[in-house]
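Peer 1: fold the following, please.
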Amino acid sequence: MATILDRIVADTRAFVATRKAAVSVQTLAQRALFSRPTLRLDEALRREHLAVIAEIKQASPSKGLIRADYNVPEIARQYQEHGADALSVLTEPFYFQGGLDHLATARMAVDLPVLRKDFIIDPYQLYEARAYGADAVLLIAAVLDGPALYDLHQAAHELGLSCLVEVYDRQELDKLDFGQIRVLGVNNRDLRTFKVDIDHALRVFAEAPDTVVRVAESGLRSARELAYLRAHGVDAVLIGETFMRAPNPGKALAALKSETENVISDT
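Peer 2: Residues are numbered from 1 along each chain as shown. Predicted coordinates:
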């Protein structure tokens, strides 16, 4: 039986084929943002504090519509004003109601590193990411075999893009070339069932090299959780839904950062 992830990837393949037929790589390379110097994600996330990648997304397959009032540039500005270290922008259109235009408008609103969060399976999507202002892209080990993951990472690097390489299963670490990878994310949410286990990232990171920036993703809500992750060697967290459900996502970010620092200082 096909999982949600299987359906998303199949739909992504079809949609990418349509876009490739409509817009050439040469046309993408002519966009003004394509030649813009990029910002390195790993440098943005190596901080004395727990770094936060604040996510901009409107919906998800597991939760449906998350935010009706979806003003991307305003949310991006709020995040920067209230201390985000980087932004993640959903561009997948069918299940997350994202789009490349959201990426471009977020890019124009801030001077933080911006990650294109999508299901990257084709080098064409890297050119799109560059053309619409991304500094980094997400590569998901669950949807790529080892050679494809290596090749996409290398192609991204050649375009000046950083990569956040995401794993879920411990076995997925065996696909990775850690001589290549600078930023490793572990998804606490199983992309096949969408169940969340907050401790999952720590179990996987225990078997990864110390050289990578460690990013815990999904299902994070409380200052106590964030302080716990920081105490166990996590460098950064990626948080979306918690902020996107708040009336003011930026203020929700600031409050969570402050509460986390208070918990850390009290322990």
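Peer 1: tell me where the stretch 151-267 of the chain has strands.
Peer 2: Assigned by DSSP state E, counting those that start in this stretch, the strands in the stretch 151-267 of the chain fall at 162-167, 183-187, 213-217, 236-239.
Peer 1: can you put the ones you listed in a markdown table and add mean pLDDT?
Peer 2: Output for the strands of the stretch 151-267 of the chain, formatted as a markdown table (pLDDT from 0 to 100):
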| stretch | mean pLDDT |
| --- | --- |
| strand 162-167 | 97 |
| strand 183-187 | 96 |
| strand 213-217 | 97 |
| strand 236-239 | 98 |
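Peer 1: so where is the stretch 101-250 of the chain shaky, pLDDT-wise?
Peer 2: By pLDDT under 70, the weakly predicted segments of the stretch 101-250 of the chain are 191-192.
Peer 1: what about the helices in it?
Peer 2: Under the criterion DSSP state H, counting those that start in this stretch, the stretch 101-250 of the chain carries helices at the ranges 123-131, 146-158, 200-205, 223-231, 241-244, 249-266.
Peer 1: what's the most buried one of these?
Peer 2: Greatest average neighbour count among the helices of the stretch 101-250 of the chain goes to helix 123-131 (a mean of 23), per mean count of other Cβ atoms under 10 Å. From N, CA and C alone the C-beta is placed, and that goes for glycine too.
Peer 1: ok, back up a step: tell me which of the strands of the stretch 151-267 of the chain sits nearest to residue 203.
Peer 2: Set against residue 203 and scored by Cβ to Cβ, the strands of the stretch 151-267 of the chain come closest in strand 183-187, at 8.6 Å.
Peer 1: and the angle from that closest one to strand 162-167?
Peer 2: Angle, strand 183-187 to strand 162-167, by axes from the mean of the first three to the mean of the last three Cα atoms, to 10 degrees: 40 degrees.
Peer 1: just checking, what packs against strand 183-187?
Peer 2: helix 41-45, strand 162-167, helix 200-205, strand 213-217 (3 or more Cβ pairs under 8 Å, 6 or more residues apart in numbering; DSSP states H and E).
Peer 1: can you redo the helices of the stretch 101-250 of the chain as JSON lines with distance to residue 115?
Peer 2: What follows is the helices of the stretch 101-250 of the chain, written out as JSON lines (distance: least, Cβ to Cβ, whole Å):
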{"stretch": "helix 123-131", "distance to residue 115": "9"}
{"stretch": "helix 146-158", "distance to residue 115": "11"}
{"stretch": "helix 200-205", "distance to residue 115": "18"}
{"stretch": "helix 223-231", "distance to residue 115": "19"}
{"stretch": "helix 241-244", "distance to residue 115": "15"}
{"stretch": "helix 249-266", "distance to residue 115": "16"}
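Peer 1: out of the ones you listed, nearest to residue 81?
Peer 2: Nearest of the helices of the stretch 101-250 of the chain (Cβ to Cβ): helix 249-266, 5.6 Å.
Peer 1: hmm, who's touching the closest one?
Peer 2: When contacts are defined by Cβ atoms under 8 Å, 6 or more residues apart in numbering, helix 249-266 is touched by residues 49-50, 52, 54, 75, 77-79, 81-84, 223-224, 226-227, 230-231, 239, 242-243, 246.
Peer 1: do stretch 184-200 as well
Peer 2: With Cβ under 8 Å, 6+ apart as the criterion, stretch 184-200 contacts 3-5, 61-62, 138, 140, 142, 164-168, 176, 201, 204-205, 208, 212-220, 225, 238.
Peer 1: so among those, which ones count as buried?
Peer 2: 5, 138, 140, 142, 164-168, 176, 201, 204-205, 208, 212-220, 225, 238 (16 or more other Cβ atoms under 10 Å).
Peer 1: next up, the contacts around residue 13.
Peer 2: 121, 122.
Peer 1: which of the helices or strands spans it?
Peer 2: Assessed by DSSP states H and E, residue 13 sits inside helix 4-22.
Peer 1: would you mark the buried spots in that helix?
Peer 2: For helix 4-22, a neighbour-count test (16+ other Cβ under 10 Å) marks 5, 8, 9, 12, 16 as buried.
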